[in-house]
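Engineer: can't give you the sequence, but here's the structure:
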DNA sequence: CTGAAAGCGCTTACAG
DNA sequence: CTGAAAGCGCTTACAG
């Protein structure tokens, strides 16, 4: 059904070169033949073989995206955003999970190198020791945009959220609701965001002159998607927290998945949310508004993150050919977040 | 860094052909040279250019997956399952949303045809009038596996769930809890599953000798991801249902997203779940166990569906070359479902 | 304004 | 057991 350029050339009685030029609107072909060929192409359903063209140009017109675990609610909207702009701009999207495993991540990247992907968007696994696969990719001239958390030892473009401001706002809100004993639970595994959220939290406390005992801020060994195999680590941390003097009246948890785990832990201890303990999360996953009580949390514009990342990436890909001077140098975008007030925080007056 | 076969040939002092054969373990190359070349390949980081190989063979070593909306909780685990087996079996995964729009679906498929994808897994948009793009793809010899709901007018392999049995079990459970007035809400937009679930529901009622007034089964014009823009249609249906005589004591809703909408509608009417109305869903999205009250629903093994679909697809792709007689004829797998009993159903005794 | 020719990096009959 | 050669479907200088 679909025919090749060679066949079309025969039909039109011209050379393949002429067809090629005509189809790409090259001005050196006369308007007359150009139109004739284009209409013949439509008629005979001649679609250029992207594979062949890509092979010639050493690229694939595809971008790749790697995330730790697509089942984790934070990533689908990101992928959505990426896919939409990629499709609009004529790129296909390859997708893979890294399963939070450095070896899988490296293997996937090597596969993509063999496939000559044009660029990569990655939500990297947390705290990986060896990032050499990214360097290899860069050495091949493939642009990389990193999402959510930065990579150690590798300079790339970056799209993230204002973790500091979000954490600051969340903590201030808790303070404004009368809380002073605000504990903080973080995942150790995403160092980059963890650090920023933690300092937003500390600074907000400091600004209100609140000093908290050592141990009010705990780090949990949180590995992957909490929804698929709760670790139990949160449970222990929450228990330890509630044995402190004074007891926390609020928890600022550094991501929604952890917050959901905390809900369970808090209840197992016999406390009610928000009557006995208030909880604020970070992310605003779809699910967060449906849990009981609906979680007050910092909204991250995930879909937007994907769109921005894809646009930056494709700009880079397409600037590569031209002598655009801006091509060098890394772009870094920090998107704004917003506190979504729901039902997991109560006013307190002790 | 990474070198081509040609360069490796020069280094090894053999022809490219020999390198090619050696790298693919062709027995016509002596064990000695084969090993020598393979170790040189490792040393010099010679990776075959999949793009070039694919171009020669007219394929891409990639499979594509198209779903209506990856943000909808049912699809991420499916994608996960597909991606895992694809990676294991040496395929890359291309991903796109159809946004439940026939034109987008067609456009994406045309793009994939140009990219010479080796096969397609698709969760088709509901009730599309024109499926010619699938036929075109098949005419090019590209195998298709359809997931969840079947395609009209196109014969393909299929992986789905036992919708009938699931709906039957859900309804029977409600009956066993003392309910007789069990209404049914379905989405009109996924005709295939809707019909099967509806007949499971009807048959279960019939078997218990329950006859319900006309209008106890309503169809809602449910378009896309309910999580992203509730339509309000459910709200009206629920309202209408609750004005009926006798009033329903239970709702069997044909998917979880609709069930979540129903939760809201029920509450806006001043009823409590499950005290006043019991609700059962279908899908068992991640989110369903976290809503309030946790939803009793029919669990679909989404990740498994993805794995099964990917294996069927890749089997077909790889059988194409061989003279496997089984290559013709469509495979159809129906996976078992399981009722997950949670907290959204109460016993009733009227 | 159009065409002939080389070449992108592989694979595969075909010789030797 | 190994190599020379053609070819997959395009694009791109280079002639004319």
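Structural biologist: Great, that's in hand. Owing to the predicted nature of the structure, the values given are computational and were not obtained by experimental measurement. Numbers count the residues shown, from 1 in each chain, chains lettered A, B, ... in the order given.
Engineer: At which residues are the strands of the stretch 1-150 of chain A located?
Structural biologist: Read by DSSP state E, counting those that start in this stretch, the stretch 1-150 of chain A holds these strands, from start to end of the chain: A:62-67, A:92-97, A:119-122, A:144-147.
Engineer: Compare these and give me the one nearest residue B:305.
Structural biologist: strand A:92-97 (16.6 Å; C-beta to C-beta). Yep, even glycine has a C-beta here, placed from its N, CA and C like the rest.
Engineer: does the closest one come close to chain B?
Structural biologist: Yes. Applying C-beta under 8 Å from any C-beta of the partner chain, one finds strand A:92-97 in contact with chain B at A:92-97.
Engineer: Partner strands of that strand, with direction?
Structural biologist: Partners of strand A:92-97 in the sheet, by DSSP bridges, are strand A:62-67 (parallel), strand B:92-97 (antiparallel).
Engineer: who does residue A:252 bridge with?
Structural biologist: Beta bridges link residue A:252 to residue A:184, residue A:280, judged by DSSP bridges.
Engineer: That one touches residue A:173, doesn't it?
Structural biologist: No. Residue A:252 is not in contact with residue A:173 according to C-beta atoms under 8 Å; the separation is 9.4 Å.
Engineer: if we can go back for a sec, tell me the most packed of the residues of strand A:92-97 next to chain B, by neighbour count.
Structural biologist: residue A:92 (27 neighbours; other C-beta atoms under 10 Å in any protein chain shown).
Engineer: For it, which non-adjacent residue is spatially closest?
Structural biologist: Counting by C-beta to C-beta, 6 or more residues apart in numbering or on different chains, residue A:62 is the residue found nearest to residue A:92 once chain neighbours are left out, at 4.3 Å.
Engineer: residue contacts, the one you found?
Structural biologist: Neighbouring residues of residue A:62 by C-beta atoms under 8 Å, 6 or more residues apart in numbering or on different chains: A:91-94, A:115, A:117-118, B:94, B:115.
Engineer: follow-up on the earlier one: can you say which of the strands of the stretch 1-150 of chain A is nearest to residue A:208?
Structural biologist: Closest to residue A:208 of the strands of the stretch 1-150 of chain A is strand A:144-147 (C-beta to C-beta; 32.7 Å).
Engineer: which residues touch the closest one?
Structural biologist: A:78, A:119-124, A:134, A:137-138, A:154, A:156-160, A:305-306, A:309-310, A:312-313, A:316.
Engineer: Drop anything exposed from these.
Structural biologist: Neighbour-count burial (16 or more other C-beta atoms under 10 Å in any protein chain shown) applied to these gives A:78, A:119-124, A:134, A:137, A:154, A:156-160, A:305-306, A:309-310, A:312-313, A:316.
Engineer: Among these, name the ones in helices.
Structural biologist: Among those, the ones falling in helices (DSSP state H) are A:78, A:134, A:137, A:305-306, A:309-310, A:312-313, A:316.
Engineer: that older thread, columns mean pLDDT and distance to residue B:31 on top of the strands paired with strand A:92-97, output as JSON lines?
Structural biologist: Formatted as JSON lines, those follow (pLDDT from 0 to 100; distance: least, C-beta to C-beta, whole Å):
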{"stretch": "strand A:62-67", "mean pLDDT": "97", "distance to residue B:31": "37"}
{"stretch": "strand B:92-97", "mean pLDDT": "98", "distance to residue B:31": "32"}
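Engineer: count of neighbours near the residue nearest to residue A:298 when sequence neighbours are not counted?
Structural biologist: Excluding its sequence neighbours, the residue lying closest to residue A:298 (C-beta to C-beta, 6+ apart) is residue A:166, at 3.8 Å. Other residues near residue A:166 number 28, with proximity taken as other C-beta under 10 Å.
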